[in-house]
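>>> Only the shape, not the letters, is given here:
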DNA sequence: CTAGGGTTAG
């Protein structure tokens, strides 16, 4: 009996001396044997159990108490919070108050955290009122918990109010306001608080830095970031997972993916966020294949991808147009129960439309129960790319009707839609409404879309004027779209003016050289052409090879123009020859104007024959069941002659053929194309 | 009591 009393005394002073479950059970048993399980000693046993996270054992003891003392309440409430049983924590708090016990300051941090996690601001505020009435609002931990709650549920202003009223502040207090400022985009204030910390003799720790680092990745200030990286290493907290993923992300966002890789490879502990920071980093830097490789590596490292991981990798499939991988990921998404996530759904809509399956994209879009400006934009862009300009425009109108305000990206999408079907007046209306109705500035992309539209519509001079008077400095690519319009509408004079504009901005623009050479050739201007060719040779420029690829049984087959190395080449040629005979019977005449001039007519036809898109289409047809849709992707614009030829092929073979070039999709069916030959 | 990664365009 007396030894138990001594034990109780030491335990009251230091209950964490009990470190294992068996020790705790032993002690508990001893109390029961000596019949000294009073309210006080029972509370101690409870707190020992809860410190060891043994909720079940603690509750068994707790239930035996008729009127549990504060220590017992406090322990179970903290344990409930600890185990994420927030509503039970709050219920216990209510019960404690009803029993007339007055909570001490140790109870509030857990209660406030539970309110935060339950997102129950009303209850939290009433607890705050209670805290003030008890005069406990000057308690450090309680104040910190209050700030955290307001930061998550109310807003930074109330956080600041609590902070300023706190008589004593520690690192956690500062970290909480700093995170609050950083998360509300008030970067200057966040950094000011970091400096203020220093003057209060508090040193920034891992929490501080992982809140501050994302600021520099958004500012893209590598220098500041590197400075922090150095500080982190000196402090020996560079292996912190939180800091690690912030660093990976920061370097990736500053286009220094090699530094991201280095940081990642030095992390000895990696969670799903560290992995995903690098996956997302690869995607942000256009390294789609590496993103997919790392994602697979993450899965085989038994790190379960979460919702964020899927919304990071799916765009990689969209860019690569790898439908089979996209479908696989879609399957994982559904099995993981992430189908309703708006980020993922938007990414899927985009992926399916970029992989050529606009119907699947639309189905996912229609099944979403909430549409934001991103998902609207994804489906509008999808229809635009597939040549459904009118549908895209009416979706844009529907978006506005539903009260979703279009952002700058949405305008890029609707202008692109107008451009692909030649809706000139509508496009002007949208372009002007940006500033007049929505207070958005027109940026390069919007100017580029309108310039493209005017050029395609054959209003070449108007397009030239428009680009010359842009409020933003035009880039080579804006002029390039006009140049190709000049070529389509056979206006050599303007093309020369445009080409000079391009060469002053980008003297190595190979596409422009090729286009100009062809135009000179078809106009019989051999001298100018020769001069241009010499310029190209002097610069040592080479033509980007045209290539097309097609997916077959989960494998991608690539074809380069004129390259005969594919094992099926004989069968492909046999097929093309047979189909060509039929085509010519039906009126096909090879359009050789797009081919360089200095070869004879017969050879020109042969060159067209070897165009990569034609090879890929042929390969697809001979390797699939009749009636199967053929999907081909090409790295540059589809050639005029191939466009005609594939129309014939679609009719003769009764196939739907979908070709994605660098700007849009062409759906060939029964001898015609969805673009209506307007492209 | 406090912290990190995500979707649409180019």
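Alright, I've got the coordinates. Just so you know, these numbers come straight off a predicted model, no measurement behind them.
>>> Could you use CA atoms for every contact and neighbour count after this?
Will do.
>>> Distance of the closest residue to residue A:108 other than its chain neighbours relative to residue A:46?
Take residue A:108 and drop its neighbours on the chain: the residue closest to it by C-alpha to C-alpha, 6 or more residues apart in numbering is residue A:142, 5.8 Å away. According to C-alpha to C-alpha, to the nearest Å, residue A:142 and residue A:46 sit 23 Å apart.
>>> between those two, which one's more packed in?
Using other C-alpha atoms under 10 Å as the criterion, residue A:142 and residue A:46 rank with residue A:46 on top: 28 against 24.
>>> which residues touch that one?
Each residue near residue A:46 by C-alpha atoms under 8 Å, 6 or more residues apart in numbering is listed here: A:57, A:58, A:59, A:61, A:62, A:72, A:75, A:76.
>>> Just the pLDDT for the fifth one.
To tie it back to what came earlier, the one meant is residue A:62. At residue A:62, the pLDDT value in this model is 94.
>>> what does the third one give?
For residue A:59, the pLDDT comes out at 96.
>>> element containing it?
helix A:55-63 (DSSP states H and E).
>>> for the helix or strand just after that helix, packing partners?
Using DSSP H and E, the helix or strand that follows helix A:55-63 towards the C-terminus is helix A:70-82. Here helix A:70-82 touches helix A:39-51, helix A:55-63, helix A:86-98, helix A:108-118, going by 3 or more C-alpha pairs under 8 Å, 6 or more residues apart in numbering; DSSP states H and E.
>>> closest one to DNA strand B among those helices?
helix A:108-118 (4.7 Å; C-alpha to the nearest atom of the strand).
>>> Who are the contact partners of residue A:560?
Counted by C-alpha under 8 Å, 6+ apart, residue A:560 has contacts A:545, A:546, A:547, A:548, A:611, A:612.
>>> rerun that using 6 Å as the cut-off
A:546, A:547, A:612 (C-alpha atoms under 6 Å, 6 or more residues apart in numbering).
>>> what are the phi and psi angles of it?
phi -110, psi 140 (degrees, to the nearest 10).
>>> Tell me the spacing between residue A:546 and DNA strand B.
20 Å (C-alpha to the nearest atom of the strand, to the nearest Å).
>>> What is the burial count for that residue?
Using other C-alpha under 10 Å, residue A:546 has 17 neighbouring residues.
>>> Show me which of the contacts of residue A:46 are buried.
In terms of neighbour count (16 or more other C-alpha atoms under 10 Å), the buried residues within these are A:57, A:58, A:61, A:62, A:72, A:75, A:76.
>>> distance of residue A:104 from DNA strand B?
According to C-alpha to the nearest atom of the strand, residue A:104 and DNA strand B sit 14 Å apart.
>>> quick one on the thing from earlier: okay, angle between the helix holding residue A:59 and helix A:70-82 too, please.
150 degrees (axes from the mean of the first three to the mean of the last three C-alpha atoms, to 10 degrees).
>>> Which secondary structure elements does helix A:55-63 sit against?
Judged by 3 or more C-alpha pairs under 6 Å, 6 or more residues apart in numbering; DSSP states H and E, helix A:55-63 is in contact with no other helix or strand.
>>> could you give the angle of it to helix A:39-51?
With the same axes, to 10 degrees as the basis, helix A:55-63 and helix A:39-51 are set at 160 degrees to each other.
>>> Can you name the residues in contact with helix A:55-63?
By C-alpha under 6 Å, 6+ apart, the surrounding residues in contact with helix A:55-63 are A:46, A:49.
>>> mind checking the SS state of residue A:30?
State at residue A:30, reduced to three classes by DSSP: H, G, I helix; E, B strand; the rest coil: helix.
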